[in-house]
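Q: Provided below for reference: sequence and predicted model.
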Amino acid sequence: MHRCVQVLGALVVHVYVPVYLHICIRCFEINRRYRFFSAIITITRTRAYASASISDVHSQAGPRAASADVVYDSQDSGSGSPIARNQFRYDAEDLSDSDLSNEQSDEDGTGISAMLQLEVPMPAQTPVPSTFESIQFREFDVRCNGFDEQLLSRTAKLRELSKELEPRPATAASSGSDAELSLRKQVARSLQQKVPRAYLDMILTENSSHKFQDWHFMTENAQAMETDPWAAFLSAKKPRKQSLKGLLKSFGVPSQHLSPQLRLITIDMYDTANLLQPVHVMCMQLQRYYKCREFAQSFICFILDRSVFNSPECTSAWCEGVYRRLDAEQFTKTYCQLVASDNYLLHLRVSRQIPRFHEVLLEKLFPLGTCETLLCEFDRLLEAKEHQKLLYFTLFIYGTAPMPFGDTAASRRLRDRVYGVGNDGNYVELVIIRSYINFFIKIV
């Protein structure tokens, strides 16, 4: 029994195992050969289809080459560089077992292409299009509904208009230029400080609106008198009180404004760019002289000054406090001697500084004090085309007893009169007056 087992084992080892291994190796070789031929058939079909497509394209364009082994580029470029057709060079007899069993060729990176000895063509360079070939023309619709036949005439009119708007060259010296030069020199001489040339140009170009012209009481540099407190304490005598005239001189008031004779205040002065003391300091020093005989004149000229009026330090409470200390009748008389009756800019300014003087001044200017009197003055200024005075007059009369705010018959009449003039854009004051009247009507 033991002998039989040994014989069977030897039979399996020496017969069955070699046969089984031989069968497995042959099956592997058959499978590998099948895969190889499948790849060859696929590549052959792909190359044949590509060659047939290229041949069809060139057959439509005409014969390009005498050799059947050369295929030209399908882009039909002028370079004339042919592309060589790939050939499948292999022999069935060379496909031996030794060649197929050589696995080193597939794993070296050469692959099937190296085995088949395929000729890979170099990629053809795309020609750079020239500048002329890159130009694209677009066809526009030039029919009647798409083309303006009056384009040339309109262009000519626009050219003529642009020529009219161009600044004309400077002409020879005329009377207007001489007057402007004289005014420039006058303003330059009155300036107390150096100012840029652009400032003078800006002032002279705004001569129509008179925006830079006003009343200036102090036109010279201030001369503050500083006293040493320690010296005043050691002095046995009290410091001598300065006169009102000396105080005004220290403020920068010129001598012609210190004359005891009353002169009308003018609003055609330019700012001299002088140095001023702080307004609140001048107010405290000036109120100490309210008992002086010429104090009312100086006080009126001081509060009507443009710099003082625009300063927030000179409040209406301080002005009314000083006004209560003065004789109302004498103050009104002095004011009427200093300010013209139709100078509504200063009337409006003093009514803002001293509100309780508003009704008194209106009654002094228009003794009847009726609404009809105010409307007649409004019509007179409107017909005379004194629009700047009309603007200040409108602001001056509104809010008083004869001309209250709200939707009244007098306000509707003023509105209709202004609208009856027309929408003339050359007078900006009329536009502002319309806006103010419409605003005053809506106040309840």
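A: Arrived safely, thanks for sending.
Q: Poorly predicted segments of the stretch 301-444 of the chain, please.
A: 422-426 (pLDDT under 70).
Q: which one is Tyr344 nearest to, not counting chain neighbours?
A: The shortest distance from Tyr344 to any non-neighbouring residue, by Cβ to Cβ, 6 or more residues apart in numbering, is to Tyr392 (3.8 Å). The C-beta positions use only the backbone N, C-alpha and C, and glycine is treated the same way.
Q: Tell me how far that neighbour lies from Arg324.
A: 26 Å (Cβ to Cβ, to the nearest Å).
Q: Roughly how far does Val322 sit from Tyr344?
A: 23 Å.
Q: Tell me where the stretch 251-400 of the chain has helices.
A: 279-286, 295-303, 306-310, 316-325, 328-338, 344-353, 358-365, 371-383, 387-397 (DSSP state H, counting those that start in this stretch).
Q: Among the ones you listed, which comes closest to Ile432?
A: helix 387-397 (6.0 Å; Cβ to Cβ).
Q: can you list the domains in the chain?
A: 2-55+84-116, 212-442 (automatic domain parsing).
Q: and the ones you listed as JSON lines, adding distance to Ala188?
A: Converted to JSON lines, the domains of the chain look like this (distance: least, Cβ to Cβ, whole Å):
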{"stretch": "domain 2-55+84-116", "distance to Ala188": "92"}
{"stretch": "domain 212-442", "distance to Ala188": "10"}
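Q: Let me have those in CSV, extended by distance to Arg154 and mean neighbour count.
A: Formatted as CSV, the domains of the chain follow (distance: least, Cβ to Cβ, whole Å; neighbours: other Cβ atoms under 10 Å):
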stretch, distance to Arg154, mean neighbour count
domain 2-55+84-116, 59, 11
domain 212-442, 25, 16
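Q: dump the residue contacts of the residue nearest to Tyr344.
A: 344-345, 347-348 (Cβ atoms under 8 Å, 6 or more residues apart in numbering).
Q: among the helices of the stretch 251-400 of the chain, which is nearest Tyr20?
A: helix 306-310 (119.5 Å).
Q: just to revisit the earlier point, looking at the helices of the stretch 251-400 of the chain, spot the one closest to Pro260.
A: Smallest distance to Pro260 across those (Cβ to Cβ): 8.4 Å, for helix 295-303.
Q: Now do that closest one against helix 316-325, angle only.
A: Helix 295-303 and helix 316-325 are oriented at 170 degrees to each other (axes from the mean of the first three to the mean of the last three Cα atoms, to 10 degrees).
Q: before we move on, back to that, closest one to Ile25 among the helices of the stretch 251-400 of the chain?
A: Closest among those, using Cβ to Cβ: helix 306-310, at 114.9 Å.
Q: Contacts made by that closest one with the rest, please.
A: 214-218, 271, 276, 279, 282, 302-303, 314, 349, 352-353.
Q: Try it again at 7 Å.
A: Residues outside helix 306-310 that contact it (Cβ atoms under 7 Å, 6 or more residues apart in numbering) are 214-216, 276, 279, 302-303, 314, 349, 353.
Q: Quick check: of the residues you listed, which lies closest to Asn438?
A: Arg349 (24.1 Å).
Q: So Tyr323 versus His280, what's the distance?
A: Counting by Cβ to Cβ, the gap from Tyr323 to His280 is 18 Å.
Q: on that earlier part again, any idea how far Pro402 is from the residue nearest to Tyr344?
A: 17 Å.
Q: again with Leu258
A: For Leu258, the distance to Pro402 - Cβ to Cβ - is 38 Å.
Q: do the same with Phe309
A: From Phe309 to Pro402 the distance is 25 Å (Cβ to Cβ).
Q: now Arg415
A: 17 Å.
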